[in-house]
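K.L.:
Provided below are the primary sequence and the corresponding predicted coordinates.
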Amino acid sequence: MPSHAGTLLALLPLLAAGNPVTARDTTSCATLSQSDLFEWQVTAFHYHAQYTYSSPAHPNDQGFLSFNALNPALAWPTSCNVSTAEITDFLEGKHVFLCEPQAEDVKHGAGSTVFTFDQPGGLLSFNQTWTCPDATPATSYTGSASAQVRLTCKEETTYQNAHWAPGQVYEVQKVECTPVKFSVKPYAVKGQA
C-alpha cells in the first residue's frame, strides 16, 4: 500500500498558503480606524435623472443617487439611496443627505453617514461615524473624505409631443450614468473614547 505521508508533507506549504485572511478578519476595528492604509471602498455609485417638461421652458426634474461605502473597520457597507425634486441644489452639492444604517449595521458599530454631491464638478463629500467596541474603552470615530467622481453619462429625449398644448407633457429627457466604483482616503479620522 503506497504511503501518502510524503504527498501530504509536500502539500503542507501549499495548504498553509491556502486562502489569505483579509485584514478585517485579523485586525481590530480600532487598529484599522487609525491606520494610514484606511480608505473607504465606494461601489455601485449610480446617478440618473429625469426632466419632464410641462412646457418647452418648464421642467419638473428628479435626481437619483445610490452607492455603497465600505468602511474597512466595519463588516458591512453603508448603503445610500436618495432622490430629490430639487435637482439644482442636488447637482450643485448644496443639499446634505443622510444615509441611515440598517439595524444589523448598528449592532456592529455603524453610525451615520452624511454626504453632498456636486454632479457638474463630480465632487462627492461625506462624513461617517462609527464605534469600535473592541477598543478599551469603546471608541467612537468620525471620518471625513472627498473624492472626484468621474461619471460617463448619456442624455436622451425619451418622449416629445409634437402637438403639445398647455396642460400636456411637452418632453421627457433622461440622464443615465454608468455605475462606478472607487477608493476614497479620508482627509481626517478622529477618535474619542
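P.N.:
That came through fine.
K.L.:
for the chain, just list every one of the helices.
P.N.:
5-17, 23-26, 29-33, 87-91, 103-107 (DSSP state H).
K.L.:
comparing those by mean pLDDT, which bottoms out?
P.N.:
With a mean of 36, helix 5-17 has the lowest mean pLDDT of the helices of the chain.
K.L.:
strand partners (parallel or antiparallel) of the longest strand seen in the chain?
P.N.:
Criterion DSSP state E: the longest strand present in the chain is strand 40-55. As defined by DSSP bridges, the strand partners of strand 40-55 come to strand 58-70 (antiparallel), strand 171-177 (antiparallel), strand 180-184 (antiparallel).
K.L.:
restricting to C-alpha, output that strand in PDB.
P.N.:
What follows is strand 40-55, C-alpha atoms only, in PDB (Å, rounded to 0.1, in the frame of the first residue of the first chain):
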ATOM      1  CA  TRP A  40     -13.400  53.600   2.000                       C
ATOM      2  CA  GLN A  41     -14.400  51.400  -0.900                       C
ATOM      3  CA  VAL A  42     -17.300  53.000  -2.800                       C
ATOM      4  CA  THR A  43     -19.200  50.700  -5.100                       C
ATOM      5  CA  ALA A  44     -22.300  50.800  -7.300                       C
ATOM      6  CA  PHE A  45     -22.100  54.700  -7.400                       C
ATOM      7  CA  HIS A  46     -25.100  55.300  -9.700                       C
ATOM      8  CA  TYR A  47     -26.500  58.700 -10.700                       C
ATOM      9  CA  HIS A  48     -29.500  59.200 -13.000                       C
ATOM     10  CA  ALA A  49     -32.100  62.000 -13.600                       C
ATOM     11  CA  GLN A  50     -35.300  62.700 -15.400                       C
ATOM     12  CA  TYR A  51     -36.600  66.000 -16.600                       C
ATOM     13  CA  THR A  52     -40.400  66.200 -17.500                       C
ATOM     14  CA  TYR A  53     -41.300  69.400 -19.300                       C
ATOM     15  CA  SER A  54     -44.800  70.700 -18.800                       C
ATOM     16  CA  SER A  55     -44.000  73.300 -21.400                       C
END
